[in-house]
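Participant: sequence and computational prediction follow.
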Amino acid sequence: MSANRGRSIAARDAQIRRELEPDVGPLDDDADCDAGPCTESAVFAVPAPEGGEARYCPYHVAWFRQQNPEIWERLEAAPERVLDEDPNDFATVGNRFVALADAPETLADDTLVRVALLVNGQALYESEEPDEAETVDYVAVNRRLDVTASAKVPVEKAGEWLRGNRRKYGWLAVEDDVVRALHGDRDAPVGGDGQ
Ligand SMILES: [Zn+2]
């Protein structure tokens, strides 16, 4: 009985180890990409920095590569028996930004300032000053700087709109001052002048 118990504990430990060890490499099954609300199919599993693995579509593989160069180097150096294909073959940047800093800081003669990198690889901008009608323009652009989406938001609703956009699109990166401006966000240092 104690031997059985010992075996079952060993089996359970092996199971836990398997679950914790990242199962990295190309994916055959049709899984959803793990990057927030991304709706593309995952093609490759990477070792997640926080442990386990993350399954990403081609764009988010490229984004991961940009974010985690050391992990990516180890992936590239993996022996063939572990990973029999070049992980770079699974990364596609396309017409998207893979880092917030890749997008210009300003657009449209400096009237629009960079805010965030959306989960779809497009960069979000907002007008630096509200217009006469007290509205703020929001614009998303792809890597060619084509406008792919836009909105006009009353200035008093701008924070709420940004928080909603962040919830919906799961921003990959955001400007520090925008985080601070989104008063009430748990990531934000609480400013003295926010109400
Ligand atoms: Zn994705």
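Facilitator: Okay, I see it. Just so it is clear, the structure is predicted and the values come from calculations on it, not from any experiment. Residues are numbered from 1 along each chain as shown.

Participant: mind jotting down where the strands sit in this protein?
Facilitator: 25-26, 44-47, 53-56, 106-107, 112-117, 123-127, 135-141, 147-154, 173-174 (DSSP state E).

Participant: roughly how far is the first one from the heart of the chain?
Facilitator: In this case it means strand 25-26. 19 Å (C-alpha atoms, centre = their mean, to the nearest Å).

Participant: from now on call the first residue 32
Facilitator: Sounds good: first residue 32 from here, last item strand 56-57.

Participant: direction included, what does it pair up with?
Facilitator: strand 75-78 (antiparallel) (DSSP bridges).

Participant: before we move on, what about the third one?
Facilitator: Strand partners for strand 84-87, identified by DSSP bridges, are recorded as strand 75-78 (antiparallel).

Participant: mind checking the pLDDT average for the strand it pairs with?
Facilitator: For strand 75-78, the mean per-residue pLDDT is 92.

Participant: ditto for stretch 179-198
Facilitator: 94.

Participant: which residues sit against that stretch?
Facilitator: The contact list for stretch 179-198, computed with C-beta atoms under 8 Å, 6 or more residues apart in numbering, reads 146-147, 149, 153, 155, 157, 161, 165-173, 202, 205, 209, 212-216. (Each C-beta comes from the backbone N, C-alpha and C, glycine too.)

Participant: now do the same end-to-end measure for it.
Facilitator: Its start and end residues considered, stretch 179-198 measures 19 Å (C-alpha to C-alpha, to the nearest Å).

Participant: same deal with stretch 150-167?
Facilitator: 22 Å.

Participant: list the buried residues in that stretch.
Facilitator: By neighbour count on 16 or more other C-beta atoms under 10 Å, the buried set for stretch 150-167 is 150-158, 161, 166-167.

Participant: so of those, which two are at opposite extremes in space?
Facilitator: Gly152 and Pro161 (27.8 Å; C-beta to C-beta).

Participant: ok, the residue nearest to the spatial centre of the chain - contacts?
Facilitator: In the chain, the residue lying closest to the centroid (C-alpha atoms, centre = their mean) is Leu203, at 3.3 Å. By C-beta under 8 Å, 6+ apart, the contact set of Leu203 is 66-67, 94, 131, 147-150, 152.

Participant: okay, the residues you listed in TSV with pLDDT and distance to the ion next?
Facilitator: What follows is the contacts of Leu203, written out as TSV (pLDDT from 0 to 100; distance: C-beta to the ion, whole Å):
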residue	pLDDT	distance to the ion
Ala66	93	4
Gly67	85	8
Trp94	96	8
Leu131	95	17
Ala147	96	16
Leu148	96	13
Leu149	95	12
Val150	94	7
Gly152	95	9
